[in-house]
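Trainee: using only what follows, build the 3D model:
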Amino acid sequence: MFFLILMRVAFFLSIPLCLYGIYFVVVALFGLRAQARTVPVQAPQKRFALVVAARNEAAVIGHLVDSLNGQDYPRELYEVIVAPNNCTDDTEAVATRHGARIFRPEGVIHSKGEVLTQAVDKLVLAEDFDAMCVFDADNLVDGQFLRRMNDALLGGAQIAQGFRDSKNPEQSAISGCYSICYWMLNRFYNGARSALRLSALVNGSGFAVTTGLLRRLGGWHTVTMTEDYEFSAQCAMLGERVHFVPDAIIYDEQPLTFGQSWKQRRRWTTGSLQGLQQYGAGLFSSFVLHGSLICLDMFLTFLVPLMQLLGTVLSVAGVALTLAGGGFVFGGIVLRGVLPAVILTVGGFVVSVVGSSVFAAFTVALKNKSLLRMAKGILSYWVFLLSQMVLTLLSFVKKQERWEPIAHTNAKRLEDMNAA
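Mentor: Numbering: from 1, shown residues only. Just a heads-up that it's a prediction; the model follows:
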């Protein structure tokens, strides 16, 4: 009787988890549609502040500034602004030499969000800019980026996210996994939500936001470890969706080692939990009070850590019940004991490995990349996902206390990307 009660509890708890997964699968299917241009080409009008927070980025900052200075956009309509902070190298000198304007944040800086707060308050909103674009120092920016963002803003967007591609997808297994993850995000999250007129996610860099929206928000004020995730929620609660602009392309350097990846994703998982704590209730309230499907969808996105925790607990509970004699039902037969528990565990693991690898390969094929050259990333993608689950669970126990930078050394130029 006791085992029967536990099995029923586990079954009923699994229902919302299944419905949750079905929702994301159904929405993702809309990402299979061709990502056609949704706004007309417009003459350049918007004046942009291109803001880059940089910490010890002398190896890469020059190539980013060159790619920004080389935009196919009237030079008088944008300004490249580099904000060096906590630097012990010659980042500022290199940025200056390549033609960037320097903005020096005041006080002790702990995060990129703090740099953006000062840059917005003291420069972007104080001067004659129509919008701000944010980049990371390791980025390279396609020459059509500002034109496509100009089109989006003139088409009514208040905030828009570009396509975040990779500088080094084939360099290591980890950089391959990151690249696949971003290609999935672009296609099956941002692209799918663009088709449904829901909100994309601001994705760290390669996004534009109007000064009008920044004023409505009272400037840039984020407090979590993932300022992009947080800013997406702030915009949704204000009634603004993040538009996805797949033709506005940036190239981002991905970590090469598992250690670098672990450190970076540790911060991300902490930030996702902080975001749920800070904005979960507000997003759900906006859905209930105003019927905002944008807020509902983002609320469900913010629930990902909790759903991962629930899925892990139910999986462990299923194995434990089977070992303890409670069993699980398969084909109308109740299976109990060690062998069924092993079958349940190994079977679930094999399905996860094969499923994640097939989906990774499918994503690579959709991106028109070589399956052979991306084989390291495809075959190790299940490890990437499994470690992400571990990181999420770890963040429930102990959150990351401080922001730690990732060293960038891939000094490719935009010409190298265009030739690839």
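Trainee: how far away is the nearest residue to Asn139 once chain neighbours are set aside from Glu76?
Mentor: Closest residue in space to Asn139, ignoring its immediate chain neighbours: Ile250 at 4.9 Å, by Cβ to Cβ, 6 or more residues apart in numbering. Using the backbone N, CA and C atoms, a C-beta is placed for each residue, glycine as well. As judged by Cβ to Cβ, to the nearest Å, Ile250 and Glu76 stand 23 Å apart.
Trainee: more neighbours, those two?
Mentor: Ranked by neighbour count (other Cβ atoms under 10 Å), Ile250 and Glu76 place Ile250 first, with 25 against 8.
Trainee: show the backbone phi and psi for the more buried one.
Mentor: Main-chain dihedrals, Ile250, degrees, to the nearest 10: phi -130, psi 160.
Trainee: could you give the bridge partners of it?
Mentor: Beta-bridge partners for Ile250, by DSSP bridges, are Val141, Arg164.
Trainee: ok, it touching Leu140?
Mentor: Yes. Contact criterion Cβ atoms under 8 Å: Ile250 and Leu140 qualify, at 6.8 Å.
Trainee: show me what contacts Met307?
Mentor: Residues in contact with Met307 (Cβ atoms under 8 Å, 6 or more residues apart in numbering) are 17, 20.
Trainee: any idea which element it lies in?
Mentor: Element membership of Met307 [criterion: DSSP states H and E] is helix 304-324.
Trainee: pull the CA atoms of that helix into PDB?
Mentor: Coordinates of each C-alpha in helix 304-324 appear next as PDB, following Å, rounded to 0.1, in the frame of the first residue of the first chain:
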ATOM      1  CA  VAL A 304      13.600  25.400 -16.300                       C
ATOM      2  CA  PRO A 305      15.800  24.900 -13.200                       C
ATOM      3  CA  LEU A 306      12.800  23.800 -11.100                       C
ATOM      4  CA  MET A 307      11.700  21.400 -13.800                       C
ATOM      5  CA  GLN A 308      15.200  19.900 -14.100                       C
ATOM      6  CA  LEU A 309      15.200  19.400 -10.300                       C
ATOM      7  CA  LEU A 310      11.700  17.800 -10.400                       C
ATOM      8  CA  GLY A 311      12.800  15.500 -13.300                       C
ATOM      9  CA  THR A 312      15.900  14.400 -11.500                       C
ATOM     10  CA  VAL A 313      14.000  13.700  -8.300                       C
ATOM     11  CA  LEU A 314      11.300  11.700 -10.100                       C
ATOM     12  CA  SER A 315      14.000   9.700 -12.000                       C
ATOM     13  CA  VAL A 316      15.800   8.800  -8.800                       C
ATOM     14  CA  ALA A 317      12.500   8.000  -7.100                       C
ATOM     15  CA  GLY A 318      11.500   5.700  -9.900                       C
ATOM     16  CA  VAL A 319      14.800   3.700  -9.600                       C
ATOM     17  CA  ALA A 320      14.600   3.700  -5.800                       C
ATOM     18  CA  LEU A 321      11.000   2.400  -5.800                       C
ATOM     19  CA  THR A 322      11.900  -0.300  -8.300                       C
ATOM     20  CA  LEU A 323      14.800  -1.500  -6.100                       C
ATOM     21  CA  ALA A 324      12.700  -1.300  -3.000                       C
END
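Trainee: so for that helix, mean pLDDT?
Mentor: The average pLDDT for helix 304-324 rounds to 79.
Trainee: same thing with stretch 14-26?
Mentor: For stretch 14-26, mean pLDDT rounds to 92.
Trainee: swap in stretch 87-102?
Mentor: The predicted model assigns stretch 87-102 a mean pLDDT of 94.
Trainee: one more: stretch 218-230?
Mentor: Taken as a whole, stretch 218-230 has a mean pLDDT of 92.
Trainee: where does the protein dip in pLDDT?
Mentor: Along the chain, the parts satisfying pLDDT under 70 run over 1-7, 34-37, 321-341, 343-344, 400-407, 409-411, 416-420.
Trainee: try it again at 50.
Mentor: Counting by pLDDT under 50, the chain contains low-confidence residues at 331-332.
Trainee: max-length helix in it?
Mentor: helix 258-290 (DSSP state H).
Trainee: what helices or strands is that helix leaning on?
Mentor: In terms of contacts (3 or more Cβ pairs under 8 Å, 6 or more residues apart in numbering; DSSP states H and E), helix 258-290 is packed against helix 173-184, helix 227-237, helix 293-302, helix 304-324, helix 381-397.
Trainee: distance to Leu217 for the ones you listed - can I get that in a markdown table?
Mentor: A markdown table is the format used below for the helices and strands packed on helix 258-290 (distance: least, Cβ to Cβ, whole Å):
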| stretch | distance to Leu217 |
| --- | --- |
| helix 173-184 | 26 |
| helix 227-237 | 6 |
| helix 293-302 | 16 |
| helix 304-324 | 24 |
| helix 381-397 | 27 |
